[in-house]
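Q: structure for this input, please:
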Amino acid sequence: MLEDTGERIIPEKMKITNELLIEHLARYHFSVPHVHGRVLDFATGAGYGTHIIAKKCKRKMEEIIGVDIDPEVIEYAKKQYYHPLSSYQLEDVTDHALPEKLGQFDVILSFETIEHIENEEQFLKNVYDLLKPGGTLLLSTPFGQGRGIPSGSPFHVHQVTVEEFIEMFENYQEKDFYYQKGALIEPMNTSQQHHHPLGIVIARK
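A: As a prediction, the model looks like this:
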């Protein structure tokens, strides 16, 4: 039985008013207009987001693959969130062989993942290499005190600053940054940063 670890989102076990659930669902719905072709949900977790995209974008995408390092959530996703356009695979997001294993994608979604990753450099390289030229990345992370500083969450390696977040995507052709608070997602304005705990980027390779 899949259990809630404190960070894991399992919609079936949460109240519809749960702020964490609302926040996570909002990001997937926000990404819908940008989804097309072949899609990767990088660190899919229980699979609910992969399923939202499969249902909402079925007319404009070929397939969506959800990958995660946890065998338990992959099994849960396969049973709970079946869709003809989706599949789930057990993979490590920092495995340097992933581009060879999975091929390239038109769109990559990676929500609330990078703060859990020790090898951030390899993770970002994989994301870039997994994207087709002209492909789109949508990635989110909570803001904090910066790299190398404990964030207060036992699940996070650290939480980057707004400036560190922006610098991560310098090798992309175009990028737009957004702040998120709860269900609200709006274009980034530095005067708002103290009121918005999360950041989202839409970056085009």
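Q: isn't Met188 up against Gln180?
A: No. Applying C-beta atoms under 8 Å, one finds Met188 not in contact with Gln180, separated by 10.1 Å. C-betas here are computed from N, CA, C, even on glycine.
Q: any residues in contact with both of the two?
A: Common contacts of Met188 and Gln180 (C-beta atoms under 8 Å, 6 or more residues apart in numbering): Gly199.
Q: I'd like the next helix or strand past the helix ranked longest in the chain.
A: Of all the segments assigned as helix in the chain under DSSP state H, the longest by residue count is helix 19-31. Of the helices and strands lying after helix 19-31 in sequence (DSSP states H and E), the nearest is strand 37-42.
Q: what pLDDT, on average, does that next one get?
A: Taken as a whole, strand 37-42 carries a mean pLDDT of 97.
Q: how about stretch 131-142?
A: pLDDT averaged over stretch 131-142 gives 96.
Q: in that stretch, what counts as buried?
A: For stretch 131-142, the neighbour count (16 or more other C-beta atoms under 10 Å) marks 131, 135-142 as buried.
Q: farthest-apart pair in those, please.
A: Gly135 and Pro142 (24.7 Å; C-beta to C-beta).
Q: how far is stretch 16-36 from where the chain is centred?
A: When distances are taken as C-alpha atoms, centre = their mean, to the nearest Å, stretch 16-36 is centred 10 Å away from the chain's centroid.
Q: all numbers from here: first residue = 523
A: Got it, the first residue is 523 from now on, which makes the last one we talked about stretch 538-558.
Q: for that stretch, which positions count as buried?
A: Quick answer for stretch 538-558 (16+ other C-beta under 10 Å): 543, 545-550, 552-553, 556-557.
Q: before we move on, which element is Phe699 in?
A: strand 696-703.
Q: enumerate the positions of that strand that are buried.
A: Neighbour-count burial for strand 696-703 [16+ other C-beta under 10 Å]: 699-702.
Q: Leu661 reaches Leu720, doesn't it?
A: No. Counting by C-beta under 8 Å, Leu661 stays clear of Leu720, with 11.1 Å between them.
Q: confidence-wise, which of the buried residues of stretch 538-558 comes last?
A: Where pLDDT dips furthest among these: Leu543, at 86.
Q: surely it meets Glu534?
A: No. Taking contacts as C-beta under 8 Å, Leu543 lies outside contact range of Glu534: 10.5 Å.
Q: which helices and strands does the strand or helix carrying Val629 pack with?
A: Assessed by DSSP H and E, Val629 sits inside strand 627-633. Judged by 3 or more C-beta pairs under 8 Å, 6 or more residues apart in numbering; DSSP states H and E, the packing partners of strand 627-633 are helix 541-553, strand 559-564, helix 570-578, helix 642-652, strand 653-664.
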